[in-house]
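Q: Give me coordinates for this.
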Amino acid sequence: MSDEREQNSASTIEPTQDSFASRLAPVTSRYLASQTKQFSETQSLDKIDLRHMCDQVVDELHNLENEAAFDYLKVENDAIELSKQIDTSNGILDELENILLSFKDHLGNIKNEMTFLQEKSLNMNISLNNRRNLQKSLEKFIDSVLLEPQLIYDICNKNIDEHYVEHIRELNEKLEYIKNNKLEGYSTVKELEPELTKLKNKACQRVRAFIISQLERLKKPMTNIPIIQENELLRYSVFMEFLKNNYIQVFIEILNMYFELMGKIIFKKFKAYVQEVSKLCVDLYTKNDVLISENPQHMRNAVTVRAEGMVNDQRSIFSTMRRESILDDISDSYIIPHTAVQHNHKFLLESIFKSINKLLIDTVTSEYKFVTEFFTLKPDKSKQVFGKIFEETFDFLIEFFKSSFGNTNDIYSIMLISQVNAENQKIFESKGFVILDHYFAQISQFLWPHFDHLFAHQIQNLKNISIKSFKNIEKNYGMKPLLLRLTDFLLSFYKINRKSNENPMVRMRIVQLKNTIIDLLKKSAEEIPNKLESTTYYIMALDSLYTEFVINSNVVLEEDMRKVEKEELTPSIERMVDLSLLENFQSLVEFVKKYGGDKFKSNEQIEITMKDTPNQGEVNTNLIKTINAEFKEQWNRRVEAFKEKCKKLFGTGNTFKLLVTGMLNSLLAYYGFFFEYVKQNSPANVSTLIPLHNIMKEIQTHKKNVTQEA
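A: This is a model prediction of the structure:
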């Protein structure tokens, strides 16, 4: 029966085992498997007997309960003791909590006290600083206002020296302190005012008398004024500051006294210096010294005087003689008259002007510096009053130079002075001074009209001279010396104008002078009836002019001189080559021009075609033979003769090279045309001609020789 029930029960629960097993958690499934030890992990748990398992679990729980009760009974006494200890610990912790809370309250009180002390300390520190500042202010006030008996005694009785300067400085500082801080209304200052006023008046009286006595020393002859100014007077500049701050009328009185005194001293000094150096001045030229004159006495070959700064370069009188070197160093030392007299030195006007100007600039610079420092004037105020010192001196110098410029006939001096004046003005302005602007402007204003007058005089001389007179002068004077005068005059203008900043007005005059000279030379050449001689003459003149500019290392070849080369010299050389060819190889040239026509150009080869040449029957065989015989016999000799002629006329310079090479090139072109013509139109005569390649080879040799000689 029991088996049946079990089977029935199994059959009753079996349909639900799948759902039961699926509802078990994985951990429960593993536990059941480990307890039964009869199922592997791969086997299903659906066959477990749950009732048996439950009974087993209940037994285990009873066992565990008994074991737990037994264990508790074993540690009961320890648990009671532990509970007592926990109660004791709680009491201790409560006591510590109370102590910490009390300590926290105490720390809060300490913090409040520290904050209070910090604020109190800060207030005390501020109060202390205020008291210290007040103490310093009071000490400064007392020191600045209080008049010590010793200071009063020293100012009233002690000798005026370096120590006295310190006493006046101290008094001046006290007065400035009272004035700047507006303390005049304070009772303390009012009490001191009578004594302070007495002391001020006494100091003013003594200082005024002392400064006037020092200024009187400057009147003595042979006094080295700059030394006294720098080493003595400047030490007492605080006196003038004291007077300017407290006694402005006395300050102005001394200022005007100084200006009047120094104005007279400087004027006297410059007047004496100008009189001495003007005795050393010489003038190289007279009004009769013109470029070209029918009067032989007006055509001097050399100057009759010598002066410092000029070098006799064995040229014409219109050479600068290196006078432009005065512009190399504007700051040269000035002329010392008595030394110059001892050595018998003479000077040109530009040297005199440069020396006087340097002395003036040095004096103005030194005086301006002293006035600004001694009278404690600001630069703008100093400029306003400073001109009074030099007013009379400026007027004197301007009149002197106006007269000197008007009396000189040396146009180079006028140009050089203009350059020196411009450089001096530039140097002076670079220092921030404008005091001499009026003086520089006046000098420049006098220079230009006189320069224009002297220049116009020479230009008019060139324009007024007749060609007949020019030819006579050239015959008597010599062509090269005459051309050298013209070249030197033009070259000098270039040198001086390029030495410093170019003046555009001078530049215009240079171009005008150059054109006038070339026009005169061209007209002179046109008077020669022979074209070759006329062209040769014109080339000689241009070559002399052009070569001087090329070989002169101090002058860069100007654009207008290149223009002369391009427009005048080069065409004239080509014309001379053509005329010389016609003169030496007339039959050859005429033949080529006849049969080559307009298509032939002497400076290039052309190709001869049958269309360009006449028919075979028209060829003049006799003429070909004549030209060939003449050319064979004479062409080398005539080329050599032409080369020697050019060498004699032009030397071995560039013009010589251009003429000879131009001649050889043209001759080769003419002969090349002639050779090709004969080859095509008269083949029977070709064998009698010099082969063209031989001519080319010999001409190349000639060119090489010319290049080596040039």
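Q: Tell me where this protein has strands.
A: Taking DSSP state E to define them, one finds no strands in the chain.
Q: What residue spans form the domains of it?
A: According to automatic domain parsing, the chain comprises the domains 2-74, 149-246, 290-354+382-517, 585-709.
Q: And the average pLDDT for stretch 75-88 is what?
A: Mean pLDDT, stretch 75-88: 83.
Q: Likewise for stretch 319-338?
A: Stretch 319-338 comes out at a mean pLDDT of 84.
Q: What are the contacting residues of that stretch?
A: The contact list for stretch 319-338 (C-beta atoms under 8 Å, 6 or more residues apart in numbering) reads 273, 276-277, 279-280, 309-313, 315, 347-348, 350-352, 354-356, 358-359, 412, 416, 419-420, 423-424, 427, 488, 491-492, 495-496, 499-500. Where you see a C-beta, it was placed from the backbone N, CA and C, and this is true even at glycine.
Q: That stretch: which residues count as buried?
A: Neighbour-count burial for stretch 319-338, counted by 16 or more other C-beta atoms under 10 Å, picks out Ser319, Thr320, Met321, Arg323, Glu324, Ile326, Leu327, Ile330, Tyr334, Ile335, Pro337.
Q: now stretch 346-364
A: Neighbour counts using 16+ other C-beta under 10 Å place 346-361, 363-364 of stretch 346-364 among the buried residues.
Q: Alpha carbons of it, as CSV, please.
A: Output of stretch 346-364 as CSV, limited to C-alpha atoms (Å, rounded to 0.1, in the frame of the first residue of the first chain):
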residue,chain,number,x,y,z
LYS,A,346,97.7,134.0,-46.6
PHE,A,347,94.1,132.7,-46.9
LEU,A,348,91.3,132.8,-49.4
LEU,A,349,87.9,134.2,-48.6
GLU,A,350,86.3,130.9,-48.0
SER,A,351,89.0,130.0,-45.3
ILE,A,352,88.4,133.4,-43.7
PHE,A,353,84.6,132.8,-43.7
LYS,A,354,85.0,129.3,-42.3
SER,A,355,87.3,130.5,-39.5
ILE,A,356,85.0,133.4,-38.5
ASN,A,357,82.0,131.1,-38.6
LYS,A,358,83.6,128.4,-36.5
LEU,A,359,84.6,131.0,-33.9
LEU,A,360,81.1,132.4,-33.9
ILE,A,361,79.5,129.0,-33.6
ASP,A,362,81.8,127.9,-30.7
THR,A,363,81.2,131.2,-28.9
VAL,A,364,77.5,131.0,-29.3
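Q: Make residue 1 into 555 and carry on from there
A: All set: I'll call the first residue 555, so the last point we hit is now stretch 900-918.
Q: gap between it and the chain center?
A: How far stretch 900-918 lies from its chain's middle: 28 Å, per C-alpha atoms, centre = their mean, to the nearest Å.
Q: Longest helix in this structure, please.
A: The single longest helix within the chain, with elements called by DSSP state H, is helix 630-699.
Q: chain center to that one, what's the gap?
A: Offset of helix 630-699 from its chain centre (C-alpha atoms, centre = their mean): 73 Å.
Q: Show me what it is packed up against.
A: Contacts defined by 3 or more C-beta pairs under 8 Å, 6 or more residues apart in numbering; DSSP states H and E place helix 630-699 against helix 716-734, helix 741-771.
Q: Comparing the domains of the chain by mean pLDDT, which bottoms out?
A: Set side by side, the domains of the chain give their lowest mean pLDDT on domain 556-628, at a mean of 62.
Q: Pull out the buried residues from stretch 978-993.
A: Counting neighbours by 16+ other C-beta under 10 Å, the buried set in stretch 978-993 is Asn978, Gln979, Phe982, Phe987, Ile989, Leu990, Tyr993.
Q: between these, which is nearest Asp613?
A: Closest approach between the buried residues of stretch 978-993 and Asp613, by C-beta to C-beta: Phe987, at 129.2 Å.
Q: Backbone dihedrals for that closest one, both of them.
A: Main-chain torsions, Phe987, degrees, to the nearest 10: phi -100, psi 140.
Q: so it touches Val918, yeah?
A: Yes. Counting by C-beta atoms under 8 Å, Val918 is a contact partner of Phe987 at 7.5 Å.
Q: picking up where we left off before, CSV please, covering the helices and strands packed on helix 630-699 and showing mean neighbour count.
A: Formatted as CSV, the helices and strands packed on helix 630-699 follow (neighbours: other C-beta atoms under 10 Å):
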stretch, mean neighbour count
helix 716-734, 16
helix 741-771, 14
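Q: would you turn those into JSON lines with distance to Lys1022?
A: Listed next are the helices and strands packed on helix 630-699 as JSON lines, based on distance: least, C-beta to C-beta, whole Å:
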{"stretch": "helix 716-734", "distance to Lys1022": "85"}
{"stretch": "helix 741-771", "distance to Lys1022": "73"}
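Q: before we move on, the earlier item: of all the domains of the chain, which one is nearest Lys818?
A: Lys818 lies closest, by C-beta to C-beta, to one member of the domains of the chain: domain 844-908+936-1071, at 7.8 Å.
Q: Pick out the residue nearest the middle of this protein.
A: What sits nearest the mean C-alpha location of the chain, by C-alpha atoms, centre = their mean, is Ser984, with 13.0 Å.
Q: Quick one: the helices in the stretch 1055-1204 of the chain, in order.
A: Along the stretch 1055-1204 of the chain, counting by DSSP state H, counting those that start in this stretch, helices occupy 1058-1080, 1085-1105, 1113-1118, 1124-1138, 1140-1150, 1175-1204.
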